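**Q** pasting the sequence and the predicted coordinates here, then a few questions.
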Amino acid sequence: MIVHTLQCTDSSAVSLPIAHFYKTVSHEQITLVAGVHELNCIQHNHNPKGDSALLKRTLPAISPALVLVFLSATTIAFGQSTSPEARTTTAESKPNNASSSNLDLQRLDGVWLFVEDRTEGREEDIGGPPMSVKFNLRVEKDAVVYPRQQGDERITLDGSTIVKNEGRGSIKRYRGEWKENALTYTLEIVRETDEARMLAVERVFRATDEGLLVQVSQNDGPVQEAIYRHPGDIELPEPAKANIDDMAWLTNNWIASKSTSATEERWSPARGGAMLAVSRTVRQGKMVAFEYLRIVERDGGLVYIAQPAGREPTEFVLTDLAGKQATFVNPRHDYPQRIVYELSPEGTLTASIGFAKGRLQSAQFVKDSN
């Protein structure tokens, strides 16, 4: 089923179908929430090229089920201002160490995709990215540029502070410092009337042999850290051997109903090396989403292909097939990176999505009698 754009602009809890949580996207990011970190839910634009050698594109597309996800986090969309209110102030004179470790600084450049939560003491099944699932950094001579929805944030490396009047009763201050081969980026939002702090975030970016180590803390809370990699550097999974007849158990008309909406997936029989499906979501008597789905044989395995709203396809490779449970994975994709279908002995179909590692969000489908 097609996913609808989610734009979050306040600090309220969000409860919505996962099918409406992500859409065909580009380099603006969606951020899941685990622990203490911000939630960026920003519209994305499709890029048919992508970075993935596996998929011909690496950008989010589909959901196999209507899943309710409860997200509660501070959500702020920040942007660099070109207005007269924006100004730069320098506190103490601090040396710029970027020249002595230019190679490490250059390693920050590029598009980064969440791979694994490394937060100490956190169980894998509750892990998630400490900031956006996917983000971009652009290294310049004396700054690192962090593109945001409302404009780039140009982070200087000498501790200089950028002050911007947000025009909504708040003031934003952010600064960067390059030291010990890492970029520390701090951001603070204060109320304009009395400068009471509304939000404080510190991010540390450090290039390592494993990828980019990102550490984030919010409002002096605990530090969450994760590994990010360039999409092309993420190892692709080993495909499982299977043929289309192994997925025949998925054939049926399935429906997942909620109080005001229902999502259907109607899977054709396995024939000619493929299974085809259409999906639609109906809310209050009106279709609000649709999607074309396929499972096809390829190179001795199976590939799950989805086209939300008929757009360019996104592919997930079958990595595990155990009885009537099938797992399809694409680790170079924003979200989801993993799709799982499982048919119970009682005849209930569970469809789940999530990151390549960690917990899954699930929905229960039953056979549609209509």
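**A** On my side now, so go ahead.

**Q** which residues of the chain fall in helices?
**A** Counting by DSSP state H, one finds helices in the chain at the ranges 102-106.

**Q** so where is it shaky, pLDDT-wise?
**A** Along the chain, segments meeting pLDDT under 70 span 1-101.

**Q** which residue is nearest the middle of it?
**A** V133 (3.7 Å; C-alpha atoms, centre = their mean).

**Q** so it makes contact with H333?
**A** No - applying C-beta atoms under 8 Å, one finds V133 not in contact with H333, separated by 9.6 Å. Backbone N, C-alpha and C define where each C-beta goes, glycine included.

**Q** can you give me the strands for the stretch 251-370 of the chain?
**A** Along the stretch 251-370 of the chain, counting by DSSP state E, counting those that start in this stretch, strands occupy 252-257, 261-267, 274-283, 286-298, 301-308, 314-322, 325-329, 338-343, 349-354, 360-367.

**Q** which among those strands is found nearest to R138?
**A** strand 314-322 (26.1 Å; C-beta to C-beta).

**Q** which ones are touching N253?
**A** By C-beta atoms under 8 Å, 6 or more residues apart in numbering, N253 lies in contact with 264, 266-267, 367-368, 370.

**Q** how far away is it from N165?
**A** As judged by C-beta to C-beta, to the nearest Å, N253 and N165 stand 56 Å apart.

**Q** what do you get for R197?
**A** To N165, R197 is 16 Å away according to C-beta to C-beta.

**Q** comparing those two, which residue is more hemmed in?
**A** Using other C-beta atoms under 10 Å, the more surrounded residue of R197 and N165 is N165, with 16 against 11.

**Q** surely that one meets I189?
**A** No - judged on C-beta under 8 Å, N165 makes no contact with I189 at a distance of 11.5 Å.

**Q** overlap of the contact sets of the two?
**A** Common neighbours of N165 and I189 (C-beta under 8 Å, 6+ apart) are I171.

**Q** residues contacting the nearest residue to T208 once chain neighbours are set aside?
**A** Nearest non-adjacent residue to T208, counting by C-beta to C-beta, 6 or more residues apart in numbering: I227, 7.9 Å away. Residues in contact with I227 (C-beta under 8 Å, 6+ apart) are 115-116, 118, 208, 210-214.

**Q** and which of these is nearest E342?
**A** Lowest distance from E342 to the contacts of I227 (C-beta to C-beta) belongs to E116, with 24.3 Å.

**Q** where's the residue nearest to that closest one when sequence neighbours are not counted relative to D117, distance?
**A** The shortest distance from E116 to any non-neighbouring residue, by C-beta to C-beta, 6+ apart, is to I227 (4.9 Å). Separation of I227 from D117 (C-beta to C-beta): 8 Å.

**Q** returning to what we had before: for P222, find the nearest of the strands of the stretch 251-370 of the chain.
**A** strand 349-354 (22.9 Å).

**Q** so what's the gap between that closest one and the chain middle?
**A** 17 Å (C-alpha atoms, centre = their mean, to the nearest Å).

**Q** how far away is F290 from V201?
**A** From F290 over to V201 (counting by C-beta to C-beta), the distance is 38 Å.

**Q** neighbour count: those two, which is higher?
**A** Using other C-beta under 10 Å, the more surrounded residue of F290 and V201 is V201, with 22 against 17.

**Q** name whatever forms a beta bridge with that one.
**A** As for beta bridges, V201 partners with L187, Q218 under DSSP bridges.

**Q** same question for K367.
**A** Residues in beta-bridge contact with K367 (DSSP bridges): W254.

**Q** OK, contacts around it?
**A** Counted by C-beta under 8 Å, 6+ apart, K367 has contacts 252-255, 347.

**Q** got it, and V329?
**A** 237, 316-317, 319, 337-339, 356.

**Q** among those, who's most crowded?
**A** F316 (27 neighbours).

**Q** shouldn't I305 be in contact with E297?
**A** No - using C-beta under 8 Å, I305 is not in contact with E297; the gap is 11.7 Å.

**Q** hang on, the earlier thing: which of the contacts of I227 ranks first by neighbour count?
**A** If you count neighbours using other C-beta under 10 Å, the busiest of the contacts of I227 is V115, which has 24 neighbours.

**Q** mind checking how far that one is from G128?
**A** Taken as C-beta to C-beta, the span from V115 to G128 is 12 Å.

**Q** before we move on, what about T260?
**A** Applying C-beta to C-beta to T260 and G128 gives a distance of 28 Å.

**Q** could you do K286 as well?
**A** Relative to G128, and taking C-beta to C-beta, K286 is found at 33 Å.

**Q** which one's more surrounded, those two?
**A** G128 (21 against 8).

**Q** circling back: quick one: which two of the contacts of N253 are the most distant?
**A** Farthest-apart pair in the contacts of N253 is W267 and N370; separation 15.4 Å (C-beta to C-beta).

**Q** more neighbours: which of the two?
**A** Shown here are W267 and N370; by other C-beta under 10 Å, W267 has more neighbours (22 against 5).

**Q** quick check: that one vs P345, distance?
**A** Counting by C-beta to C-beta, the gap from W267 to P345 is 19 Å.
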